[in-house]
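Enquirer: quick one, fold the following:
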Amino acid sequence: MRKITRFIGDHLFLSNFYFVEIEYKGDKYPSLEHAYQAAKFKSRRRREEIRRLSYPGQTKQYARKYKDEWREDWFEVNLEIMESLLRQKFGKAHITCLWRRLVNTGDVKLIEGNTWGDGFWGMIRSDGKLRGKNHLGKLLMKIRDELA
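Expert: Predicted coordinates:
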């Protein structure tokens, strides 16, 4: 089976760090990562501070810094929120038409391989094998299958 194991280069559009406008709770964010990290907070002030950050990677650092302020139900709703944001990013109504690029990946297995140790959203290479839950890749393939 063919695989895409890194969301870089020609496949950067699959990454949550790809700059594309995403709306969450009426506010527009410059990337899905911005919106996802903002969703961790009930505080409008924290969400606004995240919205203003220049780079998606900064949003993760910011959210970790204020982890004690995350919404109490975060680990019950995080997959649902991610799926909702991905559906917006790859929705047919979205002006960027990224859905076409997603569908054009065909039946290739999408794996969010990473070097930063995230085995929940992606997979990590260990002993020559990819290990992890790959929730991001699975959600992308689910949405791709529905769009196709």
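
Enquirer: residues in contact with I143?
Expert: Counting by C-beta atoms under 8 Å, 6 or more residues apart in numbering, I143 touches E83, L86, R87, F90, L102. Yep, even glycine has a C-beta here, placed from its N, CA and C like the rest.

Enquirer: same deal with G117?
Expert: Neighbour list for G117: I124 [criterion: C-beta under 8 Å, 6+ apart].

Enquirer: wasn't it part of a helix?
Expert: No. G117 is assigned coil when assessed by DSSP: H, G, I helix; E, B strand; the rest coil, not a helix.

Enquirer: quick check: phi and psi on it?
Expert: Backbone torsions for G117, taken as degrees, to the nearest 10, come to phi 80, psi 20.

Enquirer: now it: how far from M141?
Expert: As judged by C-beta to C-beta, to the nearest Å, G117 and M141 stand 22 Å apart.

Enquirer: show me what whichever strand or helix holds R47 is packed up against.
Expert: Element membership for R47 (DSSP states H and E) is helix 44-51. Counting contacts by 3 or more C-beta pairs under 8 Å, 6 or more residues apart in numbering; DSSP states H and E, helix 44-51 packs against strand 27-31, helix 32-38, helix 56-65.

Enquirer: to I8, which of those lies closest?
Expert: Between I8 and these, the tightest spacing by C-beta to C-beta is seen for helix 56-65, at 13.5 Å.

Enquirer: ok, longest helix in this protein?
Expert: Ranked by number of residues, the top helix in the chain under DSSP state H is helix 74-89.

Enquirer: name the residue closest to the centre of the protein, please.
Expert: Centroid check for the chain by C-alpha atoms, centre = their mean gives N16 as the closest residue, at 3.7 Å.

Enquirer: ok, the closest residue to R101 other than its chain neighbours - how many residues close by?
Expert: Spatial nearest neighbour of R101, excluding adjacent residues (C-beta to C-beta, 6 or more residues apart in numbering): F13 at 5.4 Å. When neighbours are counted by other C-beta atoms under 10 Å, F13 registers 16.
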